[in-house]
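[1] just need the structure, nothing else, for what follows:
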Amino acid sequence: MPIRIVQLGSPRAQDEGTRIGTVRRPPRGVPKAEFARRDYYDVWFPNLAPSLETMKLGQAAETDAEWKAFKKKYSAEMAEPEAQHALSLLATLSAQTNFSVGCYCEDEARCHRSVLRELLAEKGASLKA
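    Just a heads-up that it's a prediction; the model follows:
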């Protein structure tokens with residue numbers, strides 16, 4: 001039952017399961033009661049989102065060097081014990097239930113979820129290609 005890495009707000013895949021928002025902030029202008037109905041997320045889990053400073057670094061990254069700096073900083077944040085526990089939990093759950101994690105960014109290659117995918121894989125998570 002692999003974890004799907006998704007763009008929040010995109011249509012859900014069949015058997016996607018619970019959608020977890022690994023974002024710093026809820027979607028703007030959307031009432032909380034409509035987050036799931038509008039395919040944003042069922043559960044908000046900002047514990048795996050980049051810090052505000054790191055998020056801004058990633059959003060501003062235009063060159064490969066800037067993106068590499070973002071990845072390094074976000075990976076360091078995810079090396080903290082609380083984040084490591086969360087990653088381990090999700091990796092373990094991936095063997096037992098369907099769920100997805102995501103962010104709002106259109107391009108996964110320039111989004112923290114690409115790094116999150118790598119970190120979950122390192123923890124042994126089953127991931128949907």
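
[2] need the pLDDT of residue 40.
    Looking at residue 40, its pLDDT is 97.

[3] next one: residue 129
    79.

[4] who does the longest helix seen in the chain touch, helix- and strand-wise?
    Identified as the longest helix of the chain according to DSSP state H is helix 64-78. When contacts are defined as 3 or more Cβ pairs under 8 Å, 6 or more residues apart in numbering; DSSP states H and E, helix 64-78 sits against helix 52-60, helix 81-93, helix 112-122. No exception for glycine: its C-beta is placed from N, CA and C like everyone else's.

[5] tell me what the last one is packed against?
    In this case it means helix 112-122. Packing contacts for helix 112-122, counted by 3+ Cβ pairs under 8 Å, 6+ apart, involve strand 4-7, helix 64-78, helix 81-93, strand 99-103.

[6] ok, and what's touching that helix?
    3, 5, 22, 48-50, 55, 58, 70-71, 74-75, 78, 87, 90-91, 94, 101-103, 105, 108, 127 (Cβ atoms under 8 Å, 6 or more residues apart in numbering).

[7] whichever of the residues you listed end up buried, select them in PyMOL.
    In PyMOL, this line selects whichever of the contacts of helix 112-122 come out buried by 16 or more other Cβ atoms under 10 Å:
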select buried, resi 3+5+22+48+49+50+55+58+70+71+74+75+78+87+90+91+94+101+102+103+105+108
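
[8] what's the span of stretch 88-106 from first residue to last?
    End-to-end span of stretch 88-106 (Cα to Cα, to the nearest Å): 26 Å.

[9] now stretch 81-101: average pLDDT?
    96.

[10] buried residues, that stretch. List them.
    Buried residues in stretch 81-101 (16+ other Cβ under 10 Å): 83, 86, 87, 90, 91, 93, 94, 98, 99, 100, 101.

[11] now swap in stretch 26-42 and tell me
    26, 27, 35, 39, 40, 41, 42.
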